[in-house]
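Novice: give me a model of this one.
(one chain, ligands or ions: 1)
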Amino acid sequence: MPDATEERDPHVRFLERVDREEKVEPRDWMPEDYRRTLVRQISQHAHSEVVGMLPEGNWITRAPTLRRKVGLLAKVQDEAGHGLYLYSAAETLGVSRAELLSQLLSGTAKYSSIFNYPTPTWADIGAIGWLVDGAAIMNQVPLCRCSYGPYARAMVRICKEESFHQRQGFEIMLALCRGTAAQQQMAQAALDRWWWPALMMFGPSDRASEHSARSMRWKIKRFSNDELRQRFVDATVPQAAHLGLTIPDPDLRFDEATGHHVIGAIDWSELERVIAGEGPCNQERMHARREAHEQGRWVREAARAHADKRGHRTKP
Ligand code: 3HC
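Specialist: Residues are numbered from 1 along each chain as shown. Model (predicted):
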């Protein structure tokens, strides 16, 4: 005879478990919506890491010094590893990597809008490390406490590497800002290009966010989009001042009463356009991913043939 606890609604028991800060593991019962939300978020996160390699990858052969090349190589390799951790975390939810990759390559899956902008100068590589990885850290450190065990554990190592990424980006910007007038102008132009797209990485406003309320109830998200965006602004404005750069927001002001830097209005129509595939580099990024996948076909076939020969049945 099941006891009263066993009989109670499993959803109620699940929420009590999340409230007790117990990690949910792959074999545990979970609401289908919870599983689906995790597959959605983790796979998009993984896609973002892999597509995120592209804007920086095209500067590896053009880095100004061997030291900069080595740092950028390490960062791009880290992003590939982040993608693999996250695809593996998504697979624990019963979805195959092949299925997730086909969603990305067919254009049905999202990846972060931020990776659809061009990197015309070396300063853009600095701005990406400083701002994009800086925003990633702000958004991803709380995910180390996500209620879903595999995602939380994947994020621990990812966040340690992100902090290296942010520091190497900031150091590139510092070197440029201490350089010639032309280098200072290059750094300012990069900040002008990346400031607002970096703020959009945190998602739509809390009012417009479709998933935040449930994600926060399930303790997937620990803070709202606007809360994390505000933390990023408060951390980054003083860094820009230290660099001697101007944040491209004429409405930016410091609110003594709250202790926060208040930004001007975000152009949400730009985020909508970029998410809809109409950003400056969406086509280029998707073409590069599809081409890389096609060029890697022989590797996958060879690995599968080798595994089959050794009796390890591989998934199609
Ligand atoms: N780019 C693309 N899509 C975005 C977006 C953005 N900047 N912001 C929001 N969206 C999408 C959401 O995916 C959702 O679409 P969907 O229903 O089709 O999945 C829709 O807009 C509504 O947004 P919500 O705020 O309701 O969605 P979420 O609750 O999922 O919040 C998020 C969005 C804050 C990005 C959240 O998914 C998240 O924290 N994800 C994990 C971290 C992540 O993916 N970061 C992206 C960058 S990865 C990175 O920075 C790599 C580093 O190495 C540089």
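Novice: so M201 sits against N139, correct?
Specialist: Yes - using CB atoms under 8 Å, M201 is in contact with N139, at 6.8 Å. Bear in mind the C-beta positions are built from the backbone N, C-alpha and C, glycine included.
Novice: now G81: closest residue in space that isn't a chain neighbour?
Specialist: Spatial nearest neighbour of G81, excluding adjacent residues (CB to CB, 6 or more residues apart in numbering): E161 at 7.7 Å.
Novice: show me what contacts that neighbour?
Specialist: D78, G81, H82 (CB atoms under 8 Å, 6 or more residues apart in numbering).
Novice: just checking, R193 touches A123?
Specialist: No - counting by CB under 8 Å, R193 stays clear of A123, with 9.1 Å between them.
Novice: between these two, who's got more neighbours?
Specialist: A123 (26 against 21; other CB atoms under 10 Å).
Novice: A helix includes the more buried one, no?
Specialist: Yes - when classified by DSSP: H, G, I helix; E, B strand; the rest coil, A123 is found to be part of a helix.
Novice: for it, which non-adjacent residue is closest in space?
Specialist: A190 (3.7 Å).
Novice: settle this for me: that neighbour is touching W130, isn't it.
Specialist: No - judged on CB under 8 Å, A190 makes no contact with W130 at a distance of 9.0 Å.
Novice: so between those two, which is more surrounded?
Specialist: W130 (30 against 26).
Novice: just to revisit the earlier point, for the residue nearest to A123, helix, strand, or coil?
Specialist: A190 is classified as helix under three-state DSSP.
Novice: if we can go back for a sec, find the residues that touch each one of A190 and W130.
Specialist: M173.
Novice: Q168 touches D78, doesn't it?
Specialist: No - proximity of Q168 to D78 does not meet the contact threshold set by CB under 8 Å, at 10.6 Å.
Novice: now F254: which helix or strand?
Specialist: In this structure, F254 sits in strand 253-255 according to DSSP states H and E.
Novice: which SSE is immediately downstream of that strand?
Specialist: strand 260-262.
Novice: pull out the buried positions in the following helix or strand past that next one.
Specialist: Once strand 260-262 ends, the next helix or strand along the chain (criterion: DSSP H and E) is helix 268-273. Applying a neighbour-count criterion of 16 or more other CB atoms under 10 Å, one finds L271 buried in helix 268-273.
Novice: next helix or strand past the helix or strand bottoming out on mean pLDDT in the chain?
Specialist: Lowest mean confidence among the helices and strands of the chain (mean pLDDT, DSSP states H and E): helix 4-7, at a mean of 57. Using DSSP H and E, the helix or strand that follows helix 4-7 in sequence is helix 10-19.
Novice: and that next one, what's buried?
Specialist: Quick answer for helix 10-19 (16+ other CB under 10 Å): F14, L15, R17, V18.
Novice: ok, the residues you listed vs the ligand, which is closest?
Specialist: V18 (16.4 Å; CB to the nearest ligand atom).
Novice: wouldn't that closest one be in contact with V24 here?
Specialist: Yes - under the criterion of CB under 8 Å, V18 makes contact with V24 at 7.2 Å.
Novice: what do those two both touch?
Specialist: By CB under 8 Å, 6+ apart, the residues touching both V18 and V24 are S147.
Novice: show the average pLDDT along the longest helix along the chain.
Specialist: The longest helix of the chain (DSSP state H) is helix 149-177. For helix 149-177, the mean pLDDT works out to 96.
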